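>>> Kindly return the folded structure for what I paste below:
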Amino acid sequence: MFALKIIAFIIWLYILLVLSRTGLHFFKFVIGSVGLFSFLMFWVQPVITAPLSMAVTAVAGLLGDLSGMYDSYFQYSILFIPKDTTSVSLAIDYECSGVIEIMAFSCMLWFFPLYNMVEKLIVNSIGIAIIFLANVLRIFTICAMIYFYGNEIFYFAHTIFGRIIFYFISIALYFYVFTRAHVIRQKVGNFNYGNSDTVK
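The predicted structure follows:
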């Protein structure tokens, strides 16, 4: 299986080289982003998911300590929410870690032709931080709703309301990084009058 992944990686690199030489930037962006995401999921995701889950739990736990609504056991990636005579344990697992969203954003950014290398490093770092904090805010909101309204609201808080918050922030991030930046930097065209080299 490992040998097949290596062969697929080499083929992917060759395809990217061909697309670069032929100037097919859109296909390079799509194949590059999807390919890089796949390889990161194969090799990197299993390594960083547990530490990322613990980091999300720890930071979300700080908000729990400040508000007094729940306790954090970041070593086990668990948040403990007391409610009257019962309690709710919220496990921060693979889906709640934000690893998929971080990798998807990073892969798209690194094959987006608009930014140079330094800009990509800066934007990627800021983007990862925003996605991480958006995920923390989502977890905090879920815990707060459970604290005030009980376990009955868990499904709505986790599946609907929390995701609305997270994806609203993510959409804003994608708009500013990709859509807005592309519109601002795109080349509209050059208009010359006579022998003048002035661009208008």
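
>>> rest of the way, CA atoms for contacts and neighbours
OK.

>>> ok, residue 56 to residue 150 distance?
22 Å (C-alpha to C-alpha, to the nearest Å).

>>> out of those two, which sits in the busier spot?
Between residue 56 and residue 150, counting by other C-alpha atoms under 10 Å, residue 56 is the more crowded of the two (23 against 18).

>>> The more buried one and residue 99: what is the separation?
From residue 56 to residue 99 the distance is 11 Å (C-alpha to C-alpha).

>>> Could you report the pLDDT at residue 200?
Looking at residue 200, its pLDDT stands at 41.

>>> and if you look at residue 2?
On the pLDDT scale, residue 2 gets 84.

>>> Near it, how many other residues are there?
8.

>>> what domains does the record give for this structure?
The chain is divided into the following domains under automatic domain parsing: 1-43, 49-185.

>>> now, of the ones you listed, which is deepest in the fold?
domain 49-185 (a mean of 17; mean count of other C-alpha atoms under 10 Å).

>>> Quick one: name whatever helix or strand follows the helix or strand that contains residue 118.
For residue 118, the element it lies in under DSSP states H and E is helix 117-149. Downstream of helix 117-149, the first helix or strand assigned by DSSP H and E is helix 154-155.

>>> other SSEs contacting that following helix?
helix 117-149 (3 or more C-alpha pairs under 8 Å, 6 or more residues apart in numbering; DSSP states H and E).
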